[in-house]
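> structure here, sequence nowhere to be found:
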């Protein structure tokens, strides 16, 4: 059946007028129409079918270039395109092999909008480096990308896959699969964390990747960890390069540009760092309670008013000198100074089964992967603020969660402890996980009581791990930056490292590891860098 005519009041209900105006201006610039097929079946996921239908009606109301036709799963078109799940969206099927299984809401709304804009312009916006990789693909690549509406990393990987489809529509097809809407399919592939990418039924990637690494993984049909850009890559000259777009890097970017420094912020992953995956932030001044991703969006919007951000760009090498040369996955920078705001990454338990079952019930992000375990059992490992916050999040979305901690007290803030007790979340004290077991997915864990020495078996469907963070110091170590005995970057009171022109800020320095302190350190470092560039301390030392 064809789409019903959408009234302005229906569109007004779906989105604010200011958003409508922004989207209409974007869609007006698109040279191509974007026809969408919506496959549904009455009685099959009706709770999702209706919201998706209303969303498409709202977008159709904004622009005649966006049209949709709704057809039943028994229709000949469903048989032609081998569509079997409701709802399924197919985008411009005459030109692209691109479908979305589920409801593109939450974080996936960004993916839906990206699809409309990219197809509307008919341009992949792929980097020159990535295009060279794609041009080497000479046989079909059928991509299955598993995502979740609560995962801030997923739209980045979806954007990578979308670029590949548009760059090579004859050879590359894409299915984006919402694990919340399609749990059976996720279980079939043991895709219990997101994003995960299978190509030609082979797992090629877990987690988000820089664009070039995704394309190389797509070509090689296995996950790649290193991409070497061409030597003739574009050169950008600037005063300051900031590596990392978490709270420290974003704050530093604002203060550096306000001080008059030409600045670039580089980030290989999702903007915002760890904050983007924090379910709720309750201790950031000005907000009684705010979602981590919402706070990140506010920070990024503010920073973009001042500083140029280069997303999805991984730094491979930094060569100190005058100027300092930075090589990324896409280009080279010449800069007078570099600020390392690389943050920290999740620590692992380093127990048997953890690596093998990663993405198959072992997770480090309850925001990303929690929805798949609604109504199931999970263990949260840890005793700090992050572990308790994520345990509460899992509990509130319907996961039966147990907290396992190796000590007899928790390190979390008093407010979080009260919430934990109020929600009757059980805690297993003085206990460590010694092994995570399961064939294709997590089925059980071995628990070792550190006081009695006894080992017991506990059945579970998932293990979420929040046992702290390890500083991301790989770049620092490559260029000879000194570290503290705890493995953090060693710096003086002005955030200077032992190498002239190289500075640090945020969690990579250690300290309290709070959003507000990271932001403050970023601002402080930027001001120090400005003063030093006006009167370089290293020239005085040389003299």
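On my side now, so go ahead. Every value quoted in this text rests on a predicted model; they were computed, and no experiment measured them.

> for the spatially closest residue to residue 328 that is not a sequence neighbour, what is the enclosing helix or strand?
Nearest non-adjacent residue to residue 328, counting by Cβ to Cβ, 6 or more residues apart in numbering: residue 313, 4.8 Å away. Any C-beta I mention is one placed from the backbone N, CA and C, and that applies to glycine too. Residue 313 belongs to no helix or strand when elements are defined using DSSP states H and E.

> OK, contacts around residue 313?
By Cβ atoms under 8 Å, 6 or more residues apart in numbering, the contact set of residue 313 is 210, 266-268, 328-331.

> and residue 96, how far is that from residue 198?
19 Å (Cβ to Cβ, to the nearest Å).

> tell me which of the two has more neighbours.
A count of neighbours by other Cβ atoms under 10 Å puts residue 96 above the other of residue 96 and residue 198, at 22 against 18.

> quick one, phi psi at the more buried one?
For residue 96, the backbone dihedrals (degrees, to the nearest 10) come out as phi -130, psi 150.

> what ranges do the helices span in the stretch 401-543 of the chain?
414-422, 474-478, 515-534, 537-542 (DSSP state H, counting those that start in this stretch).

> contacts for the first one?
Applying Cβ under 8 Å, 6+ apart, the contact partners of helix 414-422 are 282, 385, 388-389, 391-392, 403, 410, 412, 427.

> which of those residues count as buried?
Neighbour counting by 16 or more other Cβ atoms under 10 Å classes 385, 388-389, 391-392, 403, 410, 412, 427 among the contacts of helix 414-422 as buried.

> in strands, which of those residues fall?
Counted as lying in strands by DSSP state E, out of the buried ones among the contacts of helix 414-422, are 403, 427.

> looking at the buried ones among the contacts of helix 414-422, which is nearest residue 475?
Residue 475 lies nearest to residue 385 out of those, by Cβ to Cβ, at 27.0 Å.

> do a quick rundown of the strands in the stretch 101-250 of the chain.
Assigned by DSSP state E, counting those that start in this stretch, the stretch 101-250 of the chain shows strands spanning 141-147, 172-178, 196-199, 202-206, 234-243.

> can you convert those strands into CSV and add a column each for distance to residue 122 and mean pLDDT?
Shown next, in CSV, are the strands of the stretch 101-250 of the chain (distance: least, Cβ to Cβ, whole Å; pLDDT from 0 to 100):
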stretch, distance to residue 122, mean pLDDT
strand 141-147, 20, 98
strand 172-178, 15, 97
strand 196-199, 24, 98
strand 202-206, 26, 95
strand 234-243, 24, 95
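
> between those, which gets nearest to residue 398?
Per Cβ to Cβ, nearest to residue 398 of those: strand 172-178, 17.0 Å.

> any idea how this structure splits into domains?
According to automatic domain parsing, the chain is divided into the following domains: 8-220, 234-345+470-542, 362-467.

> among those domains, which comes closest to residue 352?
domain 362-467 (4.4 Å).

> run the chain-centre distance for the closest one.
23 Å (Cα atoms, centre = their mean, to the nearest Å).

> offset the numbering so it begins at 16, please.
New numbering, starting at 16: the last item is domain 377-482.

> average pLDDT for it?
Averaged over domain 377-482, pLDDT sits at 95.

> what do you get for stretch 147-155?
So the average pLDDT for stretch 147-155 ends up being 96.

> got a list of contacts for that stretch?
Outside stretch 147-155, the residues that touch it by Cβ under 8 Å, 6+ apart are 141, 179, 182-183, 186-188, 215, 227, 230-231, 233-234, 245.

> circling back to that earlier point, for residue 371, which of the domains of the chain is the nearest?
It's domain 377-482; of these, that one is closest to residue 371 (Cβ to Cβ) at 8.2 Å.

> any idea how far apart the tips of that closest one sit?
Across its full length, domain 377-482 reaches 13 Å between end residues, using Cα to Cα, to the nearest Å.

> picking up where we left off before, save the strands of the stretch 116-265 of the chain as CSV, and put in distance to residue 549 too.
Output for those, formatted as CSV (distance: least, Cβ to Cβ, whole Å):
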stretch, distance to residue 549
strand 156-162, 47
strand 187-193, 50
strand 211-214, 47
strand 217-221, 45
strand 249-258, 11
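
> nearest to residue 133, of these?
strand 187-193 (11.7 Å).

> and the closest one, how far from the chain's centre?
Using Cα atoms, centre = their mean, the offset of strand 187-193 from its chain centre is 18 Å.

> tell me the strands beside it, with direction?
strand 113-116 (parallel), strand 156-162 (parallel) (DSSP bridges).

> JSON lines for those strands, including distance to residue 432 and mean neighbour count?
Shown next, in JSON lines, are those (distance: least, Cβ to Cβ, whole Å; neighbours: other Cβ atoms under 10 Å):
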{"stretch": "strand 113-116", "distance to residue 432": "41", "mean neighbour count": "24"}
{"stretch": "strand 156-162", "distance to residue 432": "34", "mean neighbour count": "23"}
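
> closest to residue 239 out of those?
That would be, of these and by Cβ to Cβ, strand 156-162, which comes in at 14.3 Å.

> now, of the helices of the stretch 416-558 of the chain, which is deepest in the fold?
helix 530-549 (a mean of 21; mean count of other Cβ atoms under 10 Å).

> and that one, what does it pack onto?
strand 249-258, helix 262-273, strand 346-355, strand 517-519 (3 or more Cβ pairs under 8 Å, 6 or more residues apart in numbering; DSSP states H and E).

> now that helix: mean pLDDT?
Rounded mean pLDDT across helix 530-549 is 96.

> pull the distance from it to the chain's centre.
26 Å.

> got it, and stretch 513-523?
25 Å.

> and what of stretch 115-128?
So, by Cα atoms, centre = their mean, the centroid of stretch 115-128 is 14 Å from its chain's centroid.

> stretch 152-161 too?
21 Å.

> same thing with stretch 185-194?
19 Å.

> what residues sit buried inside that stretch?
186-194.

> who touches that stretch?
112-119, 123, 126, 152-164, 173, 176-177, 179-180, 200-201, 206-207, 209, 233, 386-387.

> ditto for stretch 261-275
For stretch 261-275, the external contacting residues (Cβ under 8 Å, 6+ apart) are 254-255, 257-258, 260, 278, 280, 282, 286-290, 314-315, 317-318, 321-322, 324, 354, 356, 358, 520-522, 530-531, 533-538, 540-542, 544-545.

> one more time with 7 Å
Outside stretch 261-275, the residues that touch it by Cβ atoms under 7 Å, 6 or more residues apart in numbering are 255, 257, 278, 280, 287-290, 314-315, 317-318, 321-322, 354, 356, 358, 520-521, 530, 533-534, 536-538, 540-542, 544-545.
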